[in-house]
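K.L.:
pasted the sequence and its predicted model underneath.
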Amino acid sequence: MGLSKFPTLAQADGGKCRKFSRQSEWPPPLTHKLGGKGTILAKDAIYTGTREVRTFVDLNHGADVLIKKAEEEPKGSYYTTMGALLLTAFTFEAYLNHLGQKRIKFWEEIESIKVLDKYAALCKELDLTPDFSKRPNQTLKTLFKFRNAIAHSRSQILEETKEVSSKDEPYEPFLPGDLSP
């Protein structure tokens with residue numbers, strides 16, 4: 001796509017400023033005021049390039065932000081914590097997919113298997129033996145049990161009888177299913 005398809009500063013400003021000409025003016029003006037309506041950057045080139053987007057990095061950052069927010073304000077942080085846990089699960093799977101594509105030639109064929117099976121395949125490839133009776137591997141089982149309970153949840157009718165106090169919070173959070181390891 002050529003530069004002629006993009007509006008010039010003169011067009012964007014209703015013709016009030018002069019059109020930038022690369023040959024007659026160097027260096028180019030970096031910014032231009034638009035009648036008190038803000039500043040725009042002058043564009044005189046098109047950048048084309050490639051980059052690797054490492055999704056697991058963004059997901060991990062999102063989980064960290066939510067965890068920090070929940071720690072700063074614990075009261076009312078149920079959904080913040082839920083979001084942090086889900087983003088942590090997504091981070092782990094995205095990281096496995098990142099490594100799997102780089103280390104296992106047939107990764108696309110097994111990419112849709114269960115997350116912990118992907119982890120087992122990568123551990124085998126890397127000659128690692130995870131111990132699921134200890135942390136951090138023990139935490140993975142609980143994390144993905146939680147993730148699957150949320151992702152595949154169904155409506156339920158719960159019946160309970162319990163003593164309550166007027167000093168208790170009116171709604172206690174409920175997560176479907178038993179999430180113990």
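P.N.:
Looks like it came in fine.

K.L.:
can you show me the helices along the protein?
P.N.:
Listed in chain order, the helices of the chain (DSSP state H) span 9-12, 55-72, 78-103, 107-110, 115-125, 137-151.

K.L.:
export those as JSON lines, with columns for mean pLDDT.
P.N.:
What follows is those, written out as JSON lines (pLDDT from 0 to 100):
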{"stretch": "helix 9-12", "mean pLDDT": "42"}
{"stretch": "helix 55-72", "mean pLDDT": "96"}
{"stretch": "helix 78-103", "mean pLDDT": "96"}
{"stretch": "helix 107-110", "mean pLDDT": "93"}
{"stretch": "helix 115-125", "mean pLDDT": "94"}
{"stretch": "helix 137-151", "mean pLDDT": "94"}
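
K.L.:
so which of these comes closest to D168?
P.N.:
D168 lies closest to helix 78-103 among those, at 15.1 Å (C-beta to C-beta). All C-beta atoms are positioned from the backbone trio N, CA, C, and that covers glycine.

K.L.:
tell me which residue lies nearest the centroid of the chain.
P.N.:
L59 (3.0 Å; C-alpha atoms, centre = their mean).

K.L.:
hmm, that one is touching L86, no?
P.N.:
No. Contact between L59 and L86 fails when scored by C-beta atoms under 8 Å: they sit 9.5 Å apart.

K.L.:
mind putting the helices of the chain in JSON lines, distance to T161 included?
P.N.:
What follows is these, written out as JSON lines (distance: least, C-beta to C-beta, whole Å):
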{"stretch": "helix 9-12", "distance to T161": "68"}
{"stretch": "helix 55-72", "distance to T161": "31"}
{"stretch": "helix 78-103", "distance to T161": "23"}
{"stretch": "helix 107-110", "distance to T161": "48"}
{"stretch": "helix 115-125", "distance to T161": "38"}
{"stretch": "helix 137-151", "distance to T161": "24"}
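
K.L.:
out of those, flag the one nearest D131.
P.N.:
helix 137-151 (5.8 Å).

K.L.:
against which helices or strands is that closest one packed?
P.N.:
helix 78-103, helix 115-125 (3 or more C-beta pairs under 8 Å, 6 or more residues apart in numbering; DSSP states H and E).

K.L.:
so who does the residue nearest to the centre of the chain touch?
P.N.:
By C-beta atoms under 8 Å, 6 or more residues apart in numbering, the contact set of L59 is L87, F90, T91, A94.

K.L.:
give me the distance between it and F132.
P.N.:
Using C-beta to C-beta, to the nearest Å, one gets 23 Å for the distance from L59 to F132.

K.L.:
so what's the residue nearest to the centre of the chain closest to, chain neighbours aside?
P.N.:
Computed as C-beta to C-beta, 6 or more residues apart in numbering, the closest residue to L59 that is not its neighbour in sequence is T91, at 4.1 Å.

K.L.:
so the one you found sits right up against A63, yeah?
P.N.:
Yes. When contacts are counted by C-beta under 8 Å, T91 is listed as touching A63 (5.9 Å).
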